[in-house]
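> Could you look at this predicted model? Sequence included:
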Amino acid sequence: MQSDLSRSLVVLKQDTTLIAVIELSLSSWLVGGLVPGLKRQPRRKLDPDPCGLLALLERWRDEGVRAGQKIERIAVAYEAGRDGFWLARWLRSRGIEAHVIHPNSIPVPREHRRAKSDRLDTELLLRGFLGWLRGEAKHCSMAQIPSIAQEDLKRPNREHQRLVNERTSLINRLKACLIRFGIRTFNPKLKKAAEQLSGLRTPEGGPLPANTLAELGRDLARLRLVREQIKAIETERCAHLAKASKDRHATTVRSLIRVVGLGVETADMLDSEMFARPLRDRWAAARYGGLTGSPDESGTRRREQGLARAGNSRVRRGMIQFAWRFLRFQEDSPLAQWYRHKTQSARKDIRKLMIVALARKLLIALWRMATQGVEPEGITLRQVG
């Protein structure tokens, strides 16, 4: 029986289960445990060494056996953070039940000033993990542990997004630097922009200062390198999609780009970030996409605070951008007509609110298309050539 992310579906036998949590940091790991047969709750600080952690768990298991208890299960958890999921995969490969706690699901005291230390954090993690193992709801929730292949699948799209942001930053910085000298007509995106720098003249008729000219040259060289890296990622992606005919990811991306208005970049992002995950239903898909609301109700007060922002921010941004493109490329579809009917005489804030609703409907339709093979109704698809 598999475990749920919000609560464990495996019956907890606490007398035969060794429970441990780890507070990870860059320089050390603090491990807290609950060992059957021991009155004390052991706690030990270790160097960041998985072998040392495994030896500590085995030592605690031997102590429980010497105390008269039979240890049949070892459950370990730690909070998701910079270390990612490698430790959970490493422990599972050695027969240890490992979980990764979603950091936002741990309830913390709401005092403005409260004591915080690794010891208190370990106690908080142990309390939440114990409630999760008992099957009690709303103690904490676990993050889905991806395989190495699933993690590697996300890298090209995330690197591409980071490089695009860096390209935009460089272009804006070049333009801002030139505007300080009164030059507004120079386009740094041109291929021969570096060659044209020396011919630029300020409104006073003089050339650019030497230090500024050198800085602009270095920024243009950096911009050229970023463009080459973006082109390399895009070329490699297209080659992979053309070559990997039976690969699940390539098949899904080719299926998604049949939707008019949906490009390779968005399709690759959706599959690597979301559609490769086992989601329960359409409500779970909308929540993971970060396109659900956050109501605020207290007594007679009822108001909506906007997007919960608890899901995947990349999926949320990509789907909202696609929703605006959808209105342009598929203006005759039922969903586009539904949006126009709802916002025909509405204010600007209402149109923004309804574009999120449209993005949510489109995300669910694309999720069903990618995972269940259900073609969305009323949406124009390209013919397979």
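Thanks, I have it.

> Domain ranges for the protein, per the record?
14-133, 149-243, 250-372 (automatic domain parsing).

> give me every residue that touches Val260.
329-330, 379-382 (Cβ atoms under 8 Å, 6 or more residues apart in numbering). C-beta here means a position set from N, CA and C on the backbone, and glycine is covered the same way.

> Which stretches in the stretch 51-200 of the chain count as strands?
73-79, 97-101 (DSSP state E, counting those that start in this stretch).

> Any stretches of the protein with poor pLDDT?
For the chain, the stretches with pLDDT under 70 are 1-4, 384-385.

> can you pull out the helices in it?
Assigned by DSSP state H, the helices in the chain fall at 50-66, 86-92, 118-133, 148-179, 193-196, 210-243, 248-256, 264-270, 282-288, 313-329, 334-342, 348-372.

> Quick one: residues in contact with stretch 172-190.
Contacts to stretch 172-190, defined as Cβ under 8 Å, 6+ apart, come from residues 170-171, 193, 196, 200, 202-203, 208, 212, 215-216, 219-220, 223.

> Looking at the helices of the chain, spot the one closest to Arg43.
Among these, helix 118-133 comes nearest to Arg43, with 6.8 Å by Cβ to Cβ.

> angle of the closest one against strand 97-101?
110 degrees (axes from the mean of the first three to the mean of the last three Cα atoms, to 10 degrees).

> In helix 118-133, which of the residues would be classed as buried?
118, 121-126, 128-133 (16 or more other Cβ atoms under 10 Å).

> What is it packed up against?
When contacts are defined as 3 or more Cβ pairs under 8 Å, 6 or more residues apart in numbering; DSSP states H and E, helix 118-133 packs onto strand 17-24, strand 29-34, strand 73-79, strand 97-101.

> so can I have JSON lines of those showing mean neighbour count?
Compiled in JSON lines, the helices and strands packed on helix 118-133 are given as follows (neighbours: other Cβ atoms under 10 Å):
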{"stretch": "strand 17-24", "mean neighbour count": "23"}
{"stretch": "strand 29-34", "mean neighbour count": "22"}
{"stretch": "strand 73-79", "mean neighbour count": "21"}
{"stretch": "strand 97-101", "mean neighbour count": "21"}
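
> okay if I get these as a markdown table plus distance to Lys138?
Converted to a markdown table, these look like this (distance: least, Cβ to Cβ, whole Å):
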| stretch | distance to Lys138 |
| --- | --- |
| strand 17-24 | 18 |
| strand 29-34 | 21 |
| strand 73-79 | 16 |
| strand 97-101 | 13 |
